[in-house]
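In: model the following, please.
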Amino acid sequence: MDHTQIRPYAQRDLHRVLEIWEDASRSGHPFLSDLYLVEERDRVRDLYLPMATTWVFEHGSRVVGFISLIDDEVGGLFVEPQSHRRGIGRALMDLAMAPGRALELEVFKENSAARAFYERCGFTVVAEYGHADTGRRMLRMRRDPERAGDAGP
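Out: Residues are numbered from 1 along each chain as shown. Predicted structure coming up:
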């Protein structure tokens with residue numbers, strides 16, 4: 001049986017994390033332009049990863065997914081497309097959903113698979129607005145631990 005673990009992101013993971021981000025972004029967001037994805041990949045590398053706390057999910061010796069948090073914001077949760085529906089995203093989200101912790105995130109409205117996943121994790125839509133760079137509709141989602149039943153002692 002292959003060893004799996006969730007561990008803190010390390011600089012050596014950068015190339016693989018960017019591959020996962022791009023593959024998952026193209027799969028989940030076919031409506032985004034190539035130019036936008038290239039520019040966003042640079043922002044992920046140069047801006048978001050350095051400011052975030054990131055964990056990677058390793059299967060064997062291969063990173064197959066990651067989650068990045070900026071304070072109480074899920075900045076990104078990405079799993080390589082061929083590893084979807086294997087509990088990897090949920091394991092990463094469970095790590096982020098510490099008891100008593102409220103979390104927020106943004107998701108493209110058109111990404112129905114991601115929206116459904118977040119709803120299963122206890123997130124609800126709190127706002128809808130236009131995404132400045134793409135003109136697409138975005139949803140702001142929040143998970144309140146009190147409503148999710150994990151407020152702690």
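In: then the strand or helix carrying residue 21 to PDB, C-alphas only?
Out: Secondary structure from DSSP states H and E places residue 21 in helix 14-28. The C-alpha trace of helix 14-28 is given here as PDB (Å, rounded to 0.1, in the frame of the first residue of the first chain):
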ATOM      1  CA  LEU A  14       6.800  24.700  -6.200                       C
ATOM      2  CA  HIS A  15       7.000  23.200  -9.700                       C
ATOM      3  CA  ARG A  16       4.600  20.300  -8.900                       C
ATOM      4  CA  VAL A  17       2.100  22.600  -7.100                       C
ATOM      5  CA  LEU A  18       2.000  24.900 -10.100                       C
ATOM      6  CA  GLU A  19       1.400  21.900 -12.400                       C
ATOM      7  CA  ILE A  20      -1.500  20.800 -10.200                       C
ATOM      8  CA  TRP A  21      -2.900  24.300 -10.100                       C
ATOM      9  CA  GLU A  22      -2.800  24.600 -13.900                       C
ATOM     10  CA  ASP A  23      -4.200  21.200 -14.600                       C
ATOM     11  CA  ALA A  24      -7.000  21.600 -12.100                       C
ATOM     12  CA  SER A  25      -7.700  25.100 -13.200                       C
ATOM     13  CA  ARG A  26      -8.000  24.100 -16.800                       C
ATOM     14  CA  SER A  27     -10.200  21.200 -15.900                       C
ATOM     15  CA  GLY A  28     -12.500  23.100 -13.500                       C
END
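In: show me where this structure has helices.
Out: 14-28, 34-43, 49-51, 88-96, 112-120, 145-148 (DSSP state H).
In: and those helices: which comes nearest residue 75?
Out: Nearest to residue 75 among these is helix 49-51 (8.2 Å), distances taken as C-beta to C-beta. Bear in mind the C-beta positions are built from the backbone N, C-alpha and C, glycine included.
In: no further questions, thank you.
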